[in-house]
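Asker: please find the sequence and the predicted model below.
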Amino acid sequence: MSVVSVSEGETSSITCSLVVEFLNTQPSRKVNWKTAELRLVRNEFRDVFLEVKLSKLTNRYLLKGIVVHKKFLKEGKATIHFQEQKLMLLISNAPTSQLLSFLKTMYVKMSLQSSEPKLDVRSRLLSNKDKQIEEISPVTVKDLSKLHNQKKSSLPLNGSNITPKSRKRSLSGVGDSQEKKKQRSLQLEFGPSLLTPEQKRIVEAALSGRNIFFTGSAGTGKSFLLRKILGVLPPDSTVATASTGVAACQIGGITLHSFAGVGTGRAPVHQCIQQASRPVVAQGWKRCRHLVMDEISMVDGKFFEKLERVARAVRGCDKPFGGIQLILCGDFFQLPPVSKEYSAKSRKGNNHFEEEHEGPATFCFQSEAWDRCELQTFELQQVHRQKDAEFVSILQEIRLGRVSDATADKLMATQSHKLEEGGILATRLCSHTSDADQINQSRLDALEDSDPQLASQLDRTTPVTSAIHLKVGAQVMLLKNLDVAKGLVNGARGVVTSFLPGDGAPVVRFKAKLEIPVRTEKWVIKASGGVTLTRRQLPLRLAWAFSIHKSQGLTLDCVEMSLSRVFEAGQAYVALSRAKSLASLRVIDFSASQVRAHPDVLKFYARFRRAIRDRIACEPVAIPRKV
């Protein structure tokens, strides 16, 4: 297991698994190390070395004439090829953000060293400098300024010493836009993605090995923080899951049901254990040391209880969840678990599994397993999605199921907001999926086909099971971050203005005043049994309307909603909190009676916040010494 600390800057050392391959023998020779420490160091002549600590053995390799292979960087893997020394270091199980930071630091220091004057061999031999090896200093603003002046460009790692993800694609360059090339390079912006003090405390708690649960209102950056935590944990023993497929995709994980390997989870516990004991599933349970669960509020309490018992049985350990560290995230004031009352049989292979009649869904915090896990709890307070202080105050009130007369008046006043601009209409959020589907289809059917041949060509070139049907004038939403600086982010709204001849790519005018062709993107999804599924699809969806359930986690440029048919606690809050500001929101039919919070959730948060206050009160306070 890799042990790392919270670092907000660049790192000059990482702990990982390592294979050292010696290429100067026939055949090549490999040595495997489960745990190794890599450090960037300098000698007295300021030469940069990569120091490799393997148990009691330490080797140093001059960073010169190297090639870095980074295709599997997101999996915590990279290869450093020392061409002159005929040696390859195959890095794996490195925390992904630490590995990225390490490679950035290595690149910057190597690039700066190449511009420094070189000492010849004679001068080195005659030098009276003391021999010394010291860890390299962090990258500074001065370093970046020097490098910027030296390169006069952004800092891609696809130069002579860093290989692109695909050499074949890079050499051909056919149909490659500059934007795509930029995306394939390993970006080196040492930007201000610093953690706030409250975020840093949560990351430190996650690294301590404690079971943790952190929550926060919509827009406080829960998913962002979860990705940060995943970036500092060893990927080989960390499993990222979420209660829904959309949420799992956003953190690069799989659904909780898929990881657990217990089907629907409706069978009795002993049958769930039987299902999870299959070799492929059991291997995943036994390898897991850190289990992340996003959108925990939508996980049924009875299912959570079963999972805890399954984990103990499959891992052969009587500690809560079989000794696995839990990192739970979600907001119980948002959408609750789906209520499913069932009494039936399901077929799994050649076996029959009885499905229990479980009754209405319950919250995780109502299960005994929740208490057994002894979770350290945190609440994020700072809202990042909405910058409008007045709107934030309204949302905090709605979250608790309260509506003052002033708040009701402000929300009803949004009915007259004019949100349409440049042909881009406001997305309507509906309480029922069927309503959203009907609106999207009827609006699409009302548009004329500008070129049916191009539309069919687009269908043929999209190798997915379901197609997206587009026409000129179709309202769409972006599903991936293409260029954050330009506002082309997940949730950005736009309208299709044309289709390009040739590949038929839709041209979309976005609310950010940009009009660009949108091409297919790769989506990588992890499935059970360690299988990775890849899908290529346009990162777009029809956006005249969609359901409140499917909007959870999104930030929308302009949104309108009808709340007359909301049917769950927290549903109105989720819908309203998708907007960036009061000015970008239109509520068609608001009534205070549509806003409610679940009473059990209100009681839980009251206890939860008392526990946080008590813990903070017991923490030691540093008293400065008098000098």
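Answerer: That came through fine.

Asker: what sits against the nearest residue to F72 once chain neighbours are set aside?
Answerer: Once flanking residues are discounted, F72 sits nearest to A78: 7.4 Å by Cβ to Cβ, 6 or more residues apart in numbering. Glycine gets a C-beta too; all of them are placed from N, C-alpha and C. Counting by Cβ atoms under 8 Å, 6 or more residues apart in numbering, A78 makes contact with 68-70, 72, 91, 94, 99, 103.

Asker: in this structure, where's the longest strand?
Answerer: Scanning the chain for the longest strand, with DSSP state E as the assignment, gives strand 29-42.

Asker: next, give phi and psi for L585.
Answerer: Phi and psi for L585, reported as degrees, to the nearest 10, are phi -120, psi 140.

Asker: OK, contacts around the residue nearest to it when sequence neighbours are not counted?
Answerer: Spatial nearest neighbour of L585, chain neighbours left out: A579 (4.0 Å); criterion: Cβ to Cβ, 6+ apart. Residues in contact with A579 (Cβ under 8 Å, 6+ apart) are 386, 391, 556, 559, 585.

Asker: about what we covered before: L40: which of the contacts of A78 is nearest?
Answerer: When these are ranked by distance to L40 (Cβ to Cβ), L103 comes first, at 10.3 Å.

Asker: buried sites along the strand or helix carrying the closest one?
Answerer: Assigned by DSSP states H and E, L103 belongs to helix 96-114. Residues of helix 96-114 classed as buried: 96-112 (neighbour count, 16 or more other Cβ atoms under 10 Å).

Asker: what is the orientation angle of it with strand 29-42?
Answerer: Between helix 96-114 and strand 29-42, the angle comes out at 60 degrees (axes from the mean of the first three to the mean of the last three Cα atoms, to 10 degrees).

Asker: hey, C-alpha coordinates of helix 96-114 in PDB?
Answerer: Extracted C-alpha coordinates of helix 96-114, given in PDB (Å, rounded to 0.1, in the frame of the first residue of the first chain):
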ATOM      1  CA  THR A  96      -2.700   9.000  -9.800                       C
ATOM      2  CA  SER A  97      -2.500  12.700  -8.800                       C
ATOM      3  CA  GLN A  98       0.900  12.000  -7.100                       C
ATOM      4  CA  LEU A  99       2.200  10.300 -10.200                       C
ATOM      5  CA  LEU A 100       1.000  13.200 -12.500                       C
ATOM      6  CA  SER A 101       2.600  15.700 -10.100                       C
ATOM      7  CA  PHE A 102       5.800  13.700 -10.000                       C
ATOM      8  CA  LEU A 103       6.100  13.600 -13.800                       C
ATOM      9  CA  LYS A 104       5.300  17.300 -14.100                       C
ATOM     10  CA  THR A 105       8.100  18.100 -11.600                       C
ATOM     11  CA  MET A 106      10.500  15.800 -13.400                       C
ATOM     12  CA  TYR A 107       9.700  17.500 -16.800                       C
ATOM     13  CA  VAL A 108      10.200  21.000 -15.400                       C
ATOM     14  CA  LYS A 109      13.500  20.300 -13.700                       C
ATOM     15  CA  MET A 110      14.900  18.400 -16.700                       C
ATOM     16  CA  SER A 111      13.900  21.200 -19.100                       C
ATOM     17  CA  LEU A 112      15.400  23.900 -16.900                       C
ATOM     18  CA  GLN A 113      18.600  21.800 -16.500                       C
ATOM     19  CA  SER A 114      19.000  21.500 -20.300                       C
END
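
Asker: which strands or helices does that helix pack on?
Answerer: strand 13-22, strand 29-42, strand 48-54, helix 141-151, helix 222-231 (3 or more Cβ pairs under 8 Å, 6 or more residues apart in numbering; DSSP states H and E).

Asker: any residues touching the longest one, and which ones?
Answerer: Read that as strand 29-42. Residues external to strand 29-42 that are found in contact with it (Cβ under 8 Å, 6+ apart): 2, 12-22, 48-55, 60, 63, 89, 91, 102, 105-106, 109, 133-136.

Asker: can you flag the buried ones in the contacts of A78?
Answerer: When the contacts of A78 are checked against 16+ other Cβ under 10 Å, the ones flagged as buried are 68-70, 91, 94, 99, 103.

Asker: closest to E308 among those residues?
Answerer: Once Cβ to Cβ is applied, the member of the buried ones among the contacts of A78 that ends up nearest E308 is A94, at 30.1 Å.

Asker: against V20, how distant is the residue nearest to F72?
Answerer: Counting by Cβ to Cβ, to the nearest Å, the separation of A78 from V20 is 14 Å.

Asker: my read: V383 touches V392, true?
Answerer: Yes - applying Cβ atoms under 8 Å as the test, V383 and V392 come out as touching, 5.1 Å apart.

Asker: one step back: could you tell me the least trusted of the helices and strands packed on helix 96-114?
Answerer: Of all these, mean pLDDT reaches its minimum on helix 141-151 (a mean of 74).

Asker: how far off centre is it?
Answerer: Offset of helix 141-151 from its chain centre (Cα atoms, centre = their mean, to the nearest Å): 30 Å.

Asker: how about the helices in the stretch 151-300 of the chain?
Answerer: Taking DSSP state H, counting those that start in this stretch, the helices of the stretch 151-300 of the chain run over residues 167-172, 178-184, 197-207, 222-231, 245-250, 256-260, 269-276, 279-287.

Asker: returning to what we had before: okay if I get the helices and strands packed on helix 96-114 as a markdown table plus distance to A248?
Answerer: A markdown table is the format used below for the helices and strands packed on helix 96-114 (distance: least, Cβ to Cβ, whole Å):
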| stretch | distance to A248 |
| --- | --- |
| strand 13-22 | 26 |
| strand 29-42 | 29 |
| strand 48-54 | 36 |
| helix 141-151 | 36 |
| helix 222-231 | 11 |
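
Asker: any idea which of the ones you listed is most buried?
Answerer: Compared across the helices and strands packed on helix 96-114, helix 222-231 shows the largest average neighbour count, a mean of 20 (mean count of other Cβ atoms under 10 Å).

Asker: got the angle for that helix vs helix 197-207?
Answerer: With the same axes, to 10 degrees applied, the angle from helix 222-231 to helix 197-207 works out at 40 degrees.

Asker: show me what helix 222-231 is packed up against.
Answerer: For helix 222-231, the packing partners by 3+ Cβ pairs under 8 Å, 6+ apart come out as helix 96-114, helix 197-207, strand 212-216, strand 238-242, strand 290-294, strand 325-329.

Asker: right, so of the ones you listed, which gets closest to H598?
Answerer: With Cβ to Cβ, the closest approach to H598 among the helices and strands packed on helix 222-231 belongs to strand 212-216: 14.2 Å.

Asker: buried residues, the closest one. List them.
Answerer: Within strand 212-216, the residues scored as buried using 16+ other Cβ under 10 Å are 212-216.

Asker: nearest residue to G219 in space, please, no chain neighbours.
Answerer: What sits nearest to G219 in space, not counting adjacent residues and going by Cβ to Cβ, 6+ apart, is R385, at 2.8 Å.

Asker: the one you found contacts A218, correct?
Answerer: Yes - using Cβ under 8 Å, R385 makes contact with A218 at a distance of 6.8 Å.

Asker: in CSV: the buried residues of strand 212-216, plus pLDDT and distance to K511.
Answerer: Formatted as CSV, the buried residues of strand 212-216 follow (pLDDT from 0 to 100; distance: Cβ to Cβ, whole Å):
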residue, pLDDT, distance to K511
I212, 95, 37
F213, 95, 36
F214, 94, 32
T215, 93, 31
G216, 90, 27
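
Asker: could you save those residues as JSON lines and add columns showing distance to L444?
Answerer: What follows is these, written out as JSON lines (distance: Cβ to Cβ, whole Å):
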{"residue": "I212", "distance to L444": "44"}
{"residue": "F213", "distance to L444": "42"}
{"residue": "F214", "distance to L444": "40"}
{"residue": "T215", "distance to L444": "38"}
{"residue": "G216", "distance to L444": "37"}
